[in-house]
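*Asks:* Below: sequence and its predicted model.
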2 protein chains.
Amino acid sequence: MNNIVLAQINTIAGDIEQNASKILECIKKAQSQNADLIIFPELVLMGYPFGDIFIRHKSIITKQIDALNKLIAETKNITALIGFAEPTEDAEKKPFYNSIAVVQNGKIINIVRKKLLPNYSEFNEYRYFEPSEDDSEIFELNSEKFGIIICEDSFNDKSFFKDECIYNKDPIEELMLKKPDTIINCSCSPSRCGKEYIKNTLFSSIAKKYKVNYIYVNKSGYADNLCFDGTSRIYDKNGKLILRAKTFEEDFILCRNYKGTINKIPIGMEKPIDIDNFKNDYLNDLDRTYKSIVYGIKEYFEKNGFNKAVLGLSGGLDSSVCAVLLTDALGKENIWGISMPSKITSDDSKNDAKILAENLGINFIEVPIANEIDITKKLLDSSFYQIKAEKYEKSTTIENLQARLRATILWSISNEHKKMLPIATSDKSEAYIGYATINGDMSGGFAPIADVTKTKLFALADFLNKNRKDKNVIPKSVLEKPPGAELKINKKTGKTVCAEEENMPYEFLDEIIWFVENKGYGFEKLIQHKFLYEKGHHISLEQKQEWINKFFKKSKFAVYKWHIIPPSVITDVKSINTVEYRQPIISNIS
Amino acid sequence: MNNIVLAQINTIAGDIEQNASKILECIKKAQSQNADLIIFPELVLMGYPFGDIFIRHKSIITKQIDALNKLIAETKNITALIGFAEPTEDAEKKPFYNSIAVVQNGKIINIVRKKLLPNYSEFNEYRYFEPSEDDSEIFELNSEKFGIIICEDSFNDKSFFKDECIYNKDPIEELMLKKPDTIINCSCSPSRCGKEYIKNTLFSSIAKKYKVNYIYVNKSGYADNLCFDGTSRIYDKNGKLILRAKTFEEDFILCRNYKGTINKIPIGMEKPIDIDNFKNDYLNDLDRTYKSIVYGIKEYFEKNGFNKAVLGLSGGLDSSVCAVLLTDALGKENIWGISMPSKITSDDSKNDAKILAENLGINFIEVPIANEIDITKKLLDSSFYQIKAEKYEKSTTIENLQARLRATILWSISNEHKKMLPIATSDKSEAYIGYATINGDMSGGFAPIADVTKTKLFALADFLNKNRKDKNVIPKSVLEKPPGAELKINKKTGKTVCAEEENMPYEFLDEIIWFVENKGYGFEKLIQHKFLYEKGHHISLEQKQEWINKFFKKSKFAVYKWHIIPPSVITDVKSINTVEYRQPIISNIS
């Protein structure tokens, strides 16, 4: 029996030197613990995803191979599986194979190359990699026969995926002809809503089906909108989980005799989220959503050399949830919440912002912008007067101006202070229909909740109030009042216009979003669809048509905004993030 | 002999109805002119590039097939080649083939599928398309044997590209075994610096080599940062150009008996730009650059429902060139140039802005921002005082503030008036090193010169002064003064700090950019490289190291900004635009 280390480290694209030293540190630790085998994630040496970086920074290709050679020399008495981008050195092929070097006692004893290259959603592997043509995936160690596969190679099991298989061959099935005792899967698999349930049942079913041990080693870390959860693990030959590494952090976990620790994963993550139906019940995904965003913030700031955040606190849901997430990622002493009331900001909102800041213990200051708005308004009035062009009947200028001056203040504060980033607080529901201001609440160095819909945010706020150590930090009134940007007064009521008046109920909007994203529904199918919202509310067919029409009309014009959303965390089943979904700005759809 | 129409129309991604009606109109016109054959560009019915749009808007797939069927019925007495996305209807394949339907007298007589799928630079075809497995590319018409290929299929000629071939097979070579008289190439080929020279010599050499007529039909139009130039054409069996359609516009051009009109192309476009060496001589590419950007602006505005632009006029190079390009694209009456002087804006700059506006005949107004800056500064000072975090020693806050307040005014003006977009005036050299302000000069609805380096902009400004109908619209002083944003005073000289003081000479910077983009040079290679700049100026090794280091340090931190550049026109040999080049935001390179 072998002693096996699962090393789910977090390496950075192109930073070969630091990546190699991290790998070496793990190898030495494994050697000191008399491990026989240490397994690293896919592409650990180059860092993933590395994009086009090697095209203009060619030196990293040779640096990587030099670093691999140095690591090879350090493998006395141990076998190490090291993922790397293996140059094909053939002009008629893609630049690399996506490979695992099996290194032992100072020599490479085998190289295994990925067979199935995902090229959908956030994956672009065919841009960089040549699929493997060979199948030398087997190596033996102390009479245990190991078979190696790489991430996607494990995701085409016909008895599991049935009609949804997207490749012709199943590398696992082929590998099993060689009768390994143990399958090793080296991966870079980002966390998404519902994905853990699929991975757990898939890997377990493969182990059981073929009567093999199944070892999965996944990258940890955040990179360019993707959050890799780690959560490496081992299943025994009955498909039973016998070891599991930590989630959303690096880990180095040793398995002796196929026994080990099973670390906890976020609440609800093991349970299925119904990804085939819209349920409006986000409970099983809230803890994972929370932890993935907190991890994403922490990582993005750290890897880019920042440690402080400044955000506007409006007393509304979006900024309140962002403040909690930032506090948990960066520490309360590093967060500045800025209340920037205008003339129309209600006392309740100001109060809620202040109470939230106090509850969280973050820095809080008030910067009233009423005066500045007046000055700018005058300046604009004189320029509008001189411009001979048709005006909008209903202008959004002053509404947007407030949001833009606020963002200007946040950027100024971050410019003045070291290592500080301003935060974009807009959410996914708003982004979809363009109900967020360019250079305003859309603008910032990071956008924590850009992939969380409004109804899910309400659920998340409630979850945070109940499940964090400090309870009820988000004031109850924030959860109870109708969402709105407080940028405009309704002349009839004298109150600020809420978002649902201008658009449609968020419950309805979020259900449209879900069916467009997950089922590709168009206008006709949505009209026929019975919305959950309709169960509790009677709405006329005209109303329904109006809302669905509004969605398509607004989202068509919002696409430009999708293209300039700041770095965020992809966390939902499907996302609007251009890293995943690419809708042309110029198009005509309905 | 056949009468052949080359129909280089401009269709929109996903707008099946409008695309089909444009195609039908051309077919009817061709029938009325007794044409035997009408050829449309690649993917003309779906529109290109259509990105992921079909994933969430599934209905366009059936709409497209319905539209094709209707078009088929309209082909009495004519043969039409219609590009479309042909569903593979096989879950284990990519969703589509990239196909040409050969339609004749109400029937499809052949379907030809693309073999070579580009998946580099701006192309992502493997994400959507399955490569062809068959080779039924031949059809006969009036005893003339035609062979069809699709765009990239023509770009792997081994005698032409030699070592640079990136595919194993050459579809032209295979096709020629069937001895066609004429090759038809249906394309969607965007315009880039130096590309016309390659296309012209390649197509001509293929015609000559195989003794065939060569017909090339290319899309016209702008879509998502790409400018398709059209410039469809025919070469005879000796490789001689015998017909050429218009450039950067739609065209419908009939060829009888292989004789026709040869339209002019932009000045210098036929001549080789040296794309293997940095020359600092942009002359042969300036007219094409100018026309591609003007076309891009025109198209982007029109297709998104805008017709007016508002931009800040600083009296500097960037905004002056943008003003000329916008005027030529949208008409002088539709452009508003806004001078927004602060306390440190020089009289010369104000004057230059005014003179430029007068020369162009565009609308001009002055909106002084000094007062607003003072107010905001006070507001910020009071907030900075309350924030207990380390400050930067050299703060850029007030510099950026000016740029941001200006952008706020531009966005406000565009928000107030119908069909008006604000313009981002920053250039490529600045974008590379992050010397442009987020929410400031980087922000807008369109960024005309985001892919033009500063030295090329100087050459372009000179070219515009000499070659437009109205000469010398850009004041001489704009071309003579050192570029700078006028955001900061040098305390020693009392003058505003120019950009080269803060960064490095633009000639030097642009040469670094060229070698990084085109040759993948890193620090070591750049140090060894003899810069053109060094011929005229003595610089020490320390100075050279400092500048090269500064470039890598600054460009590493600028990558976030690259990801939020507004829609632009890719026009250089290589670009920073994320549609083409994808560098991860989190990476570590040098």
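*Replies:* Happy to help now that I have it. Since the model is a prediction, treat every value here as computed from it, not as a measurement.

*Asks:* Can you give me the pLDDT of the one residue in the stretch 401-550 of chain A that gets nearest to chain B?
*Replies:* Nearest to chain B in the stretch 401-550 of chain A, going by Cβ to the nearest Cβ, is residue A:520, at a distance of 3.7 Å. No exception for glycine: its C-beta is placed from N, CA and C like everyone else's. With respect to pLDDT, residue A:520 has a value of 94.

*Asks:* Would you mind measuring from it to residue B:335?
*Replies:* Going from residue A:520 to residue B:335 by Cβ to Cβ, to the nearest Å gives 41 Å.

*Asks:* With residue A:259 instead?
*Replies:* In terms of Cβ to Cβ, residue A:259 sits 74 Å off from residue B:335.

*Asks:* okay, the two: which has more neighbours?
*Replies:* Neighbours were counted for residue A:259 and for residue B:335 using other Cβ atoms under 10 Å in any protein chain shown; residue B:335 has more, 27 against 11.

*Asks:* nearest residue to the more buried one other than its sequence neighbours?
*Replies:* residue B:362 (4.0 Å; Cβ to Cβ, 6 or more residues apart in numbering or on different chains).

*Asks:* okay, now that neighbour: neighbour count?
*Replies:* Neighbour count for residue B:362, taken as other Cβ under 10 Å: 23.

*Asks:* for it, what are its contacts?
*Replies:* Contacts for residue B:362 (Cβ atoms under 8 Å, 6 or more residues apart in numbering or on different chains) come out as B:323, B:327, B:332-333, B:335-337.

*Asks:* Show me where the stretch 201-350 of chain A has its helices.
*Replies:* A:283-303, A:317-330, A:347-360 (DSSP state H, counting those that start in this stretch).

*Asks:* close enough to count as contact, residue A:272 and residue A:194?
*Replies:* Yes: Residue A:272 is within contact range of residue A:194, at 7.2 Å (criterion: Cβ atoms under 8 Å).

*Asks:* I figured residue A:490 hits residue A:496, correct?
*Replies:* Yes: the pair residue A:490 and residue A:496 qualifies as a contact (Cβ under 8 Å) at a distance of 7.1 Å.

*Asks:* if you count what's nearby, which of the two comes out ahead?
*Replies:* Shown here are residue A:490 and residue A:496; by other Cβ under 10 Å, residue A:496 has more neighbours (18 against 13).

*Asks:* For that one, what are phi and psi?
*Replies:* When read as degrees, to the nearest 10, the backbone of residue A:496 gives phi -70, psi 150.

*Asks:* Go ahead and confirm it touches residue A:342.
*Replies:* No: using Cβ under 8 Å, residue A:496 is not in contact with residue A:342, being 10.3 Å away.

*Asks:* hang on, the earlier thing: give the full set of residues in contact with the residue of the stretch 401-550 of chain A closest to chain B.
*Replies:* B:55-59.

*Asks:* need the contact list for the nearest residue to residue A:588 once chain neighbours are set aside.
*Replies:* Of all residues beyond its chain neighbours, the one nearest residue A:588 is residue B:15 (3.4 Å), with distances taken as Cβ to Cβ, 6+ apart. By Cβ under 8 Å, 6+ apart, the contact list for residue B:15 reads A:587-589, B:47.

*Asks:* is it true that residue A:112 touches residue A:103?
*Replies:* No: taking contacts as Cβ under 8 Å, residue A:112 lies outside contact range of residue A:103: 11.8 Å.

*Asks:* Near chain B, which residues of the stretch 51-200 of chain A? Just list them.
*Replies:* Residues of the stretch 51-200 of chain A lying close to chain B by Cβ under 8 Å from any Cβ of the partner chain are A:51-53, A:55-60, A:91-92, A:119-120, A:124, A:126-127, A:163-168.

*Asks:* and the closest residue to residue A:72 other than its chain neighbours, which of the three is it?
*Replies:* Of all residues not flanking residue A:72 in the chain, residue A:103 sits nearest, at 5.1 Å (Cβ to Cβ, 6+ apart). Assigned by DSSP: H, G, I helix; E, B strand; the rest coil, the conformation of residue A:103 is strand.

*Asks:* And residue A:103, how close does it get to residue B:580?
*Replies:* Distance from residue A:103 to residue B:580, by Cβ to Cβ: 36 Å.

*Asks:* which is the next helix or strand following the helix or strand of chain A with the lowest mean pLDDT?
*Replies:* Here the helix or strand of chain A ranked lowest by mean pLDDT, DSSP states H and E is helix A:499-502, holding a mean of 84. Sequence order places helix A:506-519 as the next helix or strand after helix A:499-502, per DSSP states H and E.

*Asks:* Quick one: neighbours of residue A:61, just the number.
*Replies:* Neighbours around residue A:61, by other Cβ under 10 Å: 18.

*Asks:* Would you mind pointing out the helix or strand it falls in?
*Replies:* With DSSP H and E as the test, residue A:61 turns up in helix A:59-72.

*Asks:* Does anything pack onto that helix? Which helices or strands?
*Replies:* If you count contacts as 3 or more Cβ pairs under 8 Å, 6 or more residues apart in numbering or on different chains; DSSP states H and E, helix A:59-72 packs onto helix A:16-32, helix A:53-56, strand A:79-87, strand A:96-104.

*Asks:* can you redo those as CSV with mean neighbour count?
*Replies:* Listed next are the helices and strands packed on helix A:59-72 as CSV, based on neighbours: other Cβ atoms under 10 Å in any protein chain shown:
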stretch, mean neighbour count
helix A:16-32, 18
helix A:53-56, 21
strand A:79-87, 24
strand A:96-104, 25
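
*Asks:* Using a markdown table, lay out the ones you listed together with mean pLDDT.
*Replies:* Putting the helices and strands packed on helix A:59-72 into a markdown table (pLDDT from 0 to 100) gives the following:
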| stretch | mean pLDDT |
| --- | --- |
| helix A:16-32 | 98 |
| helix A:53-56 | 94 |
| strand A:79-87 | 98 |
| strand A:96-104 | 98 |
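
*Asks:* To residue B:222, which of these lies closest?
*Replies:* helix A:53-56 (25.0 Å; Cβ to Cβ).

*Asks:* which non-adjacent residue is nearest the residue in the stretch 151-300 of chain A that chain B sits nearest to?
*Replies:* Nearest residue of the stretch 151-300 of chain A to chain B (Cβ to the nearest Cβ) works out as residue A:224 at 4.8 Å. Among residues not flanking residue A:224 along the chain, residue B:584 sits closest, at 4.8 Å (Cβ to Cβ, 6+ apart).

*Asks:* Check what pLDDT the one you found gets.
*Replies:* 93.
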